[in-house]
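Visitor: starting from these lines, generate the structure:
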Amino acid sequence: MLQIICGIVAGGLLAALGFAVAGGGFVGLGVSLALAALGYVAGSTLTEPERRIGHMLASALPNGQKAADAIDAANSRLNSIAMLARQVHDEGVRREADDFIEATRSLVDYVAKDTSAYPTLRHYITVYGEQTEKLLRSYVDVESSGAHDQAAKARGETIEALQVLERTAAGELSRAVSAKTLGIAADSDAIQRLARMDGYQTETESKQ
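Guide: Coordinates of the predicted model:
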């Protein structure tokens, strides 16, 4: 709302100024309209609030904007999937869909804490997000068709697919965290090496 108000104010001021400078008439009207549009775009753009990840500005974080884009895309897809899940009548399918959403949100939450992991989330939501939404939409259509024999078959296939997707989300989270774990191991080795160079006995040596 603030963006719109600022855009209108800026556009109005520039339009009035342009009309006066151009001396009114048709020329002044044309100039004022052009400046009004320019002022609106500039005013609304300049007052657009910067994207945040948690309590931090995206621009203040490494790969912050890319991470924010990946998070926004994932949340948008998850919201669509959640809406479809609420239309599912079968409790088993709905439960599996909710488990998939929860597992994926865990990956989203991790990227919000470690923005360098954004490629993992972007890959996952791009590769699997659309397929999951398509899967649930098809299941909802079959379930609501009244063809009970087809609904039973679709139920089994959908549950199996959602279970695979849930495991995949957990695997992608583990893969994202593993990069941090490898970094910790490398830092630990470096610290122990430096300590030995300075003549200190490390815990590994003390156990030998």
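Visitor: in stretch 134-142, which residues are buried?
Guide: For stretch 134-142, the neighbour count (16 or more other Cβ atoms under 10 Å) marks Leu135, Leu136, Tyr139, Val140, Val142 as buried. Bear in mind the C-beta positions are built from the backbone N, C-alpha and C, glycine included.
Visitor: helices of this structure, residue ranges please.
Guide: Assigned by DSSP state H, the helices in the chain fall at 2-21, 25-46, 64-85, 91-113, 118-124, 130-143, 148-197, 203-207.
Visitor: any regions of this protein where pLDDT drops low?
Guide: For the chain, the stretches flagged by pLDDT under 70 are 1-64, 179-187, 198, 200, 202-208.
Visitor: is it true that Arg175 touches Thr120?
Guide: Yes: under the criterion of Cβ atoms under 8 Å, Arg175 makes contact with Thr120 at 6.1 Å.
Visitor: settle it for me: which of the two has more neighbours?
Guide: The neighbour count for Arg175 versus Thr120, taken as other Cβ atoms under 10 Å, is higher for Thr120 (21 against 14).
Visitor: ok, that one touching Leu107?
Guide: Yes: contact criterion Cβ under 8 Å: Thr120 and Leu107 qualify, at 7.2 Å.
Visitor: shared neighbours, these two?
Guide: Residues touching both Thr120 and Leu107 (Cβ atoms under 8 Å, 6 or more residues apart in numbering): Glu172, Ala176.
Visitor: rewinding a little: so which of the buried residues of stretch 134-142 is the closest to Asp72?
Guide: Using Cβ to Cβ, Leu136 is the member of those that lies nearest Asp72, at 20.8 Å.
Visitor: against Ala117, how distant is that closest one?
Guide: 26 Å (Cβ to Cβ, to the nearest Å).
Visitor: what's the local residue count around Ala82?
Guide: When neighbours are counted by other Cβ under 10 Å, Ala82 registers 14.
Visitor: nearest spatial neighbour of it, skipping sequence neighbours?
Guide: Excluding its sequence neighbours, the residue lying closest to Ala82 (Cβ to Cβ, 6 or more residues apart in numbering) is Ile101, at 5.8 Å.
Visitor: for that neighbour, list the residues it contacts.
Guide: Leu78, Ile81, Ala82, Ala85.
Visitor: narrow these to those that are buried.
Guide: Buried members of those, counted by 16+ other Cβ under 10 Å: Leu78, Ile81, Ala85.
Visitor: of those residues, which is the nearest to Leu194?
Guide: Taking Cβ to Cβ as the measure, Leu194 sits nearest to Leu78 out of those, at 44.4 Å.
Visitor: so the closest one sits against Ser106, correct?
Guide: No: using Cβ under 8 Å, Leu78 is not in contact with Ser106; the gap is 11.4 Å.
Visitor: related to what we said a few turns ago, as CSV, the buried residues of stretch 134-142 with distance to Ala73 would be great.
Guide: Compiled in CSV, the buried residues of stretch 134-142 are given as follows (distance: Cβ to Cβ, whole Å):
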residue, distance to Ala73
Leu135, 18
Leu136, 18
Tyr139, 23
Val140, 23
Val142, 28
